[in-house]
Every structure is written in C-alpha cells, then in structure tokens.
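[1] using only what follows, build the 3D model:
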Amino acid sequence: MAVNLTEKRADELLEIDGIRLFTGRAGIKQQDRDDLTLMVLGGGHTVGTVFTQNRFCAAPVHIAKSHLFDQDGVCALVINTGNANAGTGAQGRLDAIKVCAAAAEQVGCQSNQIMPFSTGVILEPLPVDKIVAALPQVRPAFWSDAARAIMTTDTVPKAASRTGLVGEKHTVRATGIAKGSGMIHPNMATMLSFIATDAKVSQPILQLMTQEIADESFNTITVDGDTSTNDSFVIMATGRCGQSEIDN
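    Okay, the predicted model is just below:
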C-alpha cells in the first residue's frame, strides 16, 4: 500500500517537449480502464535503460534490448499491463515483435525502432490480437493518464516532475512515472519506470546516468526479496531545452 502518496493531477506533471503520449484500452484483464500506453519520441533524442538481471527475463525485455541500439534508433515505446509475456518461450518473442510491428505501422517507423514493455500475469500467452486491435484506437494522453495506465496491483499512480538549471540560463524539465508494488529487490530497475527530460544528453552519458540513478534508488529497495522477469527503467532525453549537449 502506498504511504503518504497521492495521485498527481494532469496539471501537476510537466509536459516534455519531444514526447507524445497516448493511452487506450486493450481489455487484457480489465475492460473499464486503460491498459495500453504509447510513447512517441520526436527525433534528436537519446535513450538510456536498465533491465532486470533475472536470468529468466521476459520476451519483451529480450526484444527491447535488441532494438535499443539498432542503427535506426528508437522511435517509440509501447507498454501493456495485465500480461507480462513472461515464461512464454519463442512464441512470446514473436508476439512482442508483432506488437512492435503494429506500433511501428501507426507511428510511421520500422518495427525495430519500437521498444516493447509488458507487465502483469506471467506464464500466460500475450493476447497480442487485442493489443494490435487497440493500438489504432489510442488517444492523446497526459502523464497522469500514462501513470494510471501502466498500473497493475498499485493502489495509486506514481508520478513526479522536477525542473532544474543547466548552466546559468537553461531550465530543464523532467517527468517520470513508475509502477510496482511487489517483487522489488536490489540489482534490478523497478517493475516499470519511465522518465523523460528535455535536456540534451549524449547517449553514452545518459546510459551511465541511468545506471547510476538506478543504483542509488531502485537497486537499493527490497519489498519481498524477488526480482521480476520484466523490470525495466528507461530515461529519454529529447534535447529540446536548447542547452549544449552534456557529453562528459
């Protein structure tokens, strides 16, 4: 249960230039709430990630890793709740690729430019047809909508925004969302967490920062002593605030 944590209103979370959010209902486990999120990047961005160290990482983790450093670059993230696509073998990977292909067709990029993320029940086939059918129906969303759409057993959406100065004149924004109320243990990221900033950061430095942030936060937390098969932590830097690139 969340302690001293209240749900953020849409106007309490900063929009990040260079990120477009969409949510929708695939009806994977519940029919009355959004369970599908699409994050579309506007170009000129960098992405840093930390994934689970569980040896039995889920299909979407395998695919997201393989797409992260593709020469074409990441264009979008697609996230579903209700089904983790974990313990699903070769078919699970094929299903994750099918979701990427459907998202890519909608976004207008290559399927290897989509990073998939799933969370929810394990050892059940991903209802890929529901996700593919729902993607064309997603609608523009705020960060507060996305924070709720990625929930599973969470009792309240988890989201925060901050501003800071780079140099003397450039104000940068950052907004992040997370889900996870169990299976949180050191040496992982969290169940799922996504942070976006309009700062301009080189990819090697952003990757280093992402790992350091995880080590100082998510990787020091224990809930029940288990790591999840799907844990993923992603930072996206859009470079839209106008400051010189942070590269060292």
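
[2] in the chain, which spans are strands?
    19-24, 36-41, 46-51, 76-83, 114-121, 139-140, 158-166, 170-179, 192-197, 232-237 (DSSP state E).

[3] buried ones in stretch 49-67, by neighbour count?
    By 16 or more other C-beta atoms under 10 Å, the buried positions in stretch 49-67 come out as 49-52, 54, 57-61, 63-64, 67. For every residue, glycine as well, the C-beta is placed using N, CA and C.

[4] the strands of the chain: which one's closest to Ile205?
    Distances from Ile205 to each of those were compared by C-beta to C-beta, and the smallest falls on strand 46-51, at 8.4 Å.

[5] direction included, what does the closest one pair against?
    Sheet pairing for strand 46-51, assigned by DSSP bridges, gives strand 232-237 (antiparallel).

[6] who are the contact partners of the residue nearest to the spatial centre of the chain?
    With the centre of the chain defined as its mean C-alpha position, the nearest residue by C-alpha atoms, centre = their mean is Phe194, 4.3 Å away. Applying C-beta atoms under 8 Å, 6 or more residues apart in numbering to Phe194 gives the contacts Met39, Leu77, Ile79, Ala146, Ile150, Gly176, Ile177, Ala178, Phe233, Val234, Met236.

[7] OK, contacts around the closest residue to the second one other than its chain neighbours?
    Computed as C-beta to C-beta, 6 or more residues apart in numbering, the closest residue to Leu77 that is not its neighbour in sequence is Met39, at 4.3 Å. Applying C-beta under 8 Å, 6+ apart, one finds that Met39 lies in contact with Ile19, Arg20, Leu21, Phe22, Ala76, Leu77, Val78, Ile79, Ala146, Phe194, Ala196, Met236.

[8] check what pLDDT the spatially closest residue to Lys179 that is not a sequence neighbour gets.
    Nearest in space to Lys179, with sequence neighbours left out and distances taken as C-beta to C-beta, 6+ apart, is Ile150 at 4.6 Å. Here the pLDDT value assigned to Ile150 is 97.

[9] Ile150 touches Thr81, doesn't it?
    Yes - here Ile150 reaches Thr81: they are 5.9 Å apart, a contact under C-beta atoms under 8 Å.

[10] find the residues that touch each one of these two.
    Contact criterion C-beta under 8 Å, 6+ apart; residues shared by Ile150 and Thr81: Thr119, Lys179.

[11] so where do the helices sit in the chain?
    When assigned using DSSP state H, the helices of the chain occupy the ranges 59-68, 89-107, 128-134, 143-149, 203-216.
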